[in-house]
Structures are given as structure tokens and as C-alpha cells.
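Trainee: With the sequence up front, the predicted model follows.
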Amino acid sequence: MNHTQPLTRNYEFKRLYNKGKSTASRFVAVYCIKNYSTVNKLGITVSTKLGGAVQRNRIRRRLKEFYRLNEHKFRKGFSIVIVARQGCKTAKWDELSRSVLHLFDKLNLTVRDDLKKET
RNA sequence: UGAGUAAGCGAUGCAGCCGCGUGAGAUGAGUCCCAAGCGGGACAUGGCGAAAGCCCUCUUACGAGGAAAGUCCGGGCUCCACAGGGCGAGGAUAACGGGUAACGCCCGCCGAAGGCGACUUCAGGACAAGUGCAACAGAGAUAUACCGCCGUUUGCUGUUUCAGCAGGCGGUAAGGGUGGAAAGGUGAGGUAAGAGCUCACCCGGAAAACGGAGACGUAUUUCCGCUGUAAACUCUAUCCGGAGCAACACCGCGGGAUGUAUCUUAUGAUACAGGGGAGCAUAUGGUUUGCCCGACCGUUCCCCGGAGGUGGCUUGAGCUCACCGGCAACGGUGAGCCUAGAUAGAUGGCUGCAAGGUCUCAACAUGAUUUGCUUCGCAAAGGAAUAUUAAGACCCUUACAGAACCCGGCUUACAAGCUUACUCACUUA
RNA sequence: CGGGGUGUGGCGCAGUUGGUAGCGUGCGUGGUUUGGGACCAUGAGGCCGUGAGUUCGAGUCUCACCACUCCGA
């Protein structure tokens, strides 16, 4: 997590929910917005509806691990919030990571080879 | 073998790759000097941030639970002036003795209730201080005379006594449906009829005596016969100051008005309004849980903020073992050990193997059940259920569940499996 | 961390010294109307969040638990 800070403040979350771009799948919803700095800010939200503390902690850890493993693919300078949904509880790792990666792709957050060539 | 009772154990393991937090240690880009070298010294220094401060690299050690949960009690710790006085109000607990820092907890014991028993459960003081409540039913609910029984009397009828019917007055709690409860129970005497009115036995209560550390138990004497309810008010005894780690301490950090000073023609700009000591006045706000007295703190006014950092933060009523005391809870002595400390929240993610569980199918064994023959049996069908073996599929990798200042308890949740002691029933020896 | 409230027919709510649980609306049936609405009559629908306890008797009192919700720091 070299280029990422945690997103802590409540108003930052609110700004993302109101003004950020978003997509969603069965597993998670993703919000993002430019923050004009050199690092990314990541927040993960798991609501109480998804289970007890153990369940929620596990979901949060898996999403964090997904972000860590794929960090090198992402562009910098964004605030991102990942909101876990009901499907996340029983998702397999492959399914989950492929789906979330696709969402990040849709939001134009990933670094593409052709873009690199242009710049 | 079956059915139980009580107490406990247990909480997947190993390997690989990639990561996280804390502690300890090491290290640093560059230049110069000393030195053979190891290394040492000086200057200087990366990232985030306003600052305080934190981080970045490598090595190594350690890294959730029995309930970490619920937040129901009790304490430690911190602050409120280390607890001011008076009045009032409120809360908690409730047999007895012990344990404990303390408790509403634990142990032992007494009593009551339940169970054949092992054993379990109990907010278990006082209704015999006072007040309240007891629907419906019932004659009557804390005192009662509706029916009945008895005595006496009036009238009427038959009429010698006397009997019957209707009514009045008085006595009675033996009998009578109801009710959770009808006011001690049974028998005898007694009486007009009856009645603890008297007696015997039993039941219950109060006081005395004996035993016991005590709750209490025992039988004797005297007195009494009094409904239930205090998780109704109340009374009795004992205890209780408040708030909580977002406590608290330190470091760092605003704006406007107004006043003063300086600059300026003016508008305006900048700086300060900070600290310590003494005194006066009385106003206001706050703390002291309600009121009064007393005490203390703050004050030029308003707004915003108190969203940052560090400490508090883990050595403690600590853990393990041995011995001693005690029925036990527990205590004492000695030896050894150090065992999470996050802050949007570390203790993980993925993969493989083994183990375990659930389901499906197959084989073999036992064989509930059904049918036939005609009878203490045999044959056939059948495939419930159980056990074993093999294969396959599935599993949030396992139940319940995630430290958030720390301890002692309580309550609640908990898959599969296992252990020990005891009780009852059946069978065999 | 601390404190409070609520849970009763399908929905919204009453129910206090403990004594046979109700109202509005919705639903069913019948009437009224040419028909519908409105109106009238009538009926069904409740283990009072769950489990224990106190009491003769609990929606009510006590305790534990569950769910929802609000407030303060």
C-alpha cells in the first residue's frame, strides 16, 4: 500500500456518495472522485446488515487484500470507497477479484497499456 | 445395556507464496577529516504535516477468547477542593456462618419446594405495628345470620294436651352449593340448640429451657388459634458522593467586534489583550445531583473549534509448579516465568495436503415389517434403521464468535467428539 | 461509554390502584341504489415480542433475553 492512505473522515465519505462516480455489481459498489494529490485514498464500508463483527472484519480484510494485490494496476490521485454488498459474504476469491477489477476498469481507474504508449 | 444427574476437556493441524501491528537491535543519500582495515568524528539530511510529532530500509521475537459478546453488578485508575454542615429525597441488598480488595459473586450449612434416587431450584426479613387490595361466584371475604337448628311470643286452622302454617324477638356457627382462601383438624363431654365452651391427641404461632458459632432443631411448661398479598404502600437492618480512558495530563492550533499602542491625512494595516502577587466591591455564570448555609473557580464581549500529536497502555488483587492449613470457597510459604496493545482499528489473504462433518451411491453384516406353510418353527419377499469398508460431491476450513483502559464475577451463545464420578431400572455371573 | 423509549387484529393506535382485551381503518356477508360510492346491520381475525417467576389470577408487577428506535459525551 505504498501509494494509498486510509480515508477516515465522515465528510469525505459523504462527498463521495453525493458527487463521486459509481458502479456496482452483485458483490460491491465502488465510488470514486479525483482528489488532486499524488496518492490514492481508500475507504471500505461494510454495514451491520452483513453480519457480526467477525463476518464484517473478514469481508473488509478480503477487499483490502484485493486492493493491495492489484494496486500497481491503478492510477493515482483518486479517492475510492468500496461498499460491500450481500453477495460478498459467500463470494469466491476468483469471482470477487475478477468482478471488482471489472468495476475499477469501468470507472477508468486502471492503467492501460495503450494509454501508456500515448503518453 | 438403557435412562439420567453432576463436573470437566475441547475449540483443526502442517507446508508454501504474498502481507499487517508492536517491541528490541541494526542501518541510511552526500561531502570532508582520522585510520592499512574494521570503524570513529564533523557538516548535513528523504517523505507527510501549520506545528507538535510520526513515517520510510533490514534482521529478529511476539501477536485474540472461553466466552474477547451482552454491558447486569463489584473494584482499581483519573478528575471533580480527597469528599463541608443541616433538612429532604432516592437507589440497592435481604435466613445463617465463612471467603474476598469488593460484590447482588463464591463455598459451607439451615429451612421450604420438586424428584424413586444421584441431585436440582428458591428476591428465603417483617402482614402477630399501621394502611391498601382480594374481580366473578357465594348467605357471608374479616367479618356475615340467607336457608337451617333451638328458645320464646303473636295471629290463624284443627283442637284436651298438642300439632301445623304465617310473622316478630333472641340464641347459634354443628349442616348447606361457591371460592385460591369460610378462621384450626379428629373424637368425647357439654347444651334448649350449639360453640376451644371444656378435655384428649394432632397441627400452627409467641415466650422461656436445652443443644449448636449461628440460622435452626428438640421435647417439656405457660399463653394463643391471628386468611392471603410486601416482585402493594410501608417498617426493620446494612450499604451507597458524582462522572467516566471520548476520563485525565502534556504539546500544538483560530476568527470577528471592542480597547490600547505604532504607522497612516483618513479608510486601513500591524502588534498586544500574556504571566505572577495583593486588595475592594458586589453582579453574573459554573461546581458541590434537590433546598438552605458555607466553600471554590471563571469573567471585555460574541462566534467557531476542541476533527491534530504524545502519554495514559499494559508487571498485574498476574501466570505456572510444589508443599502446608482448611470439608470447601480460599489463604500462606518457596521456586520459576513475562505472555497482544490496535486507533476507520494489527493478529490476515490465497493455494496444497491431512483430519473432521453433511449428503449421495455401491458392497457386506445384523435385521424392524409383510406374506405363505400350519405352528414354540420354516421358507420367501422386503429393505426401515444401525455399524464397517470403498468412491464421489459439498464445506464463508469449520460451532458460538473479534481485544478497544484494566481486573473479579454474573448472564447469554456454542457443531462434532471425548473424559470422570454418582443414581435408578433390567440382564448375566 | 452512558442513558431513555417502543413491541397489542393486515395497518395505525387505546388499555393503571392486577380481575373475561378494545377503537379507527382495512377484510367478508347482507341491506340500501338501475349500478358504484357514501350509509346501515352483522361477522371473522389476538398464545398482547420470547422465556421464567410472584400471585387464586399477569397485557399490566419482577427478572433475563430478542428486535427496533432515540438522546448525550
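Mentor: Cool, the structure landed. This one's a predicted model, so the numbers in the text were calculated from it and none came from an experiment.
Trainee: At the geometric centre of chain A, which residue do we find?
Mentor: A:Ile82 (4.1 Å; CA atoms, centre = their mean).
Trainee: mind checking which helix or strand that residue is in?
Mentor: strand A:78-84 (DSSP states H and E).
Trainee: Parallel or antiparallel, which strands does that strand pair with?
Mentor: Counting by DSSP bridges, the strands paired with strand A:78-84 are strand A:28-34 (antiparallel), strand A:40-45 (parallel).
Trainee: Provide a list of residue ranges in chain A with pLDDT below threshold.
Mentor: A:1-12, A:35-39, A:109, A:111-119 (pLDDT under 70).
Trainee: Now do the longest helix anywhere in chain A against strand A:28-34, angle only.
Mentor: Ranked by residue count under DSSP state H, the longest helix found in chain A is helix A:53-69. Interaxial angle of helix A:53-69 relative to strand A:28-34 (axes from the mean of the first three to the mean of the last three CA atoms, to 10 degrees): 50 degrees.
Trainee: Who are the packing partners of helix A:53-69?
Mentor: strand A:40-45, strand A:78-84, helix A:93-106 (3 or more CB pairs under 8 Å, 6 or more residues apart in numbering; DSSP states H and E). Using the backbone N, CA and C atoms, a C-beta is placed for each residue, glycine as well.
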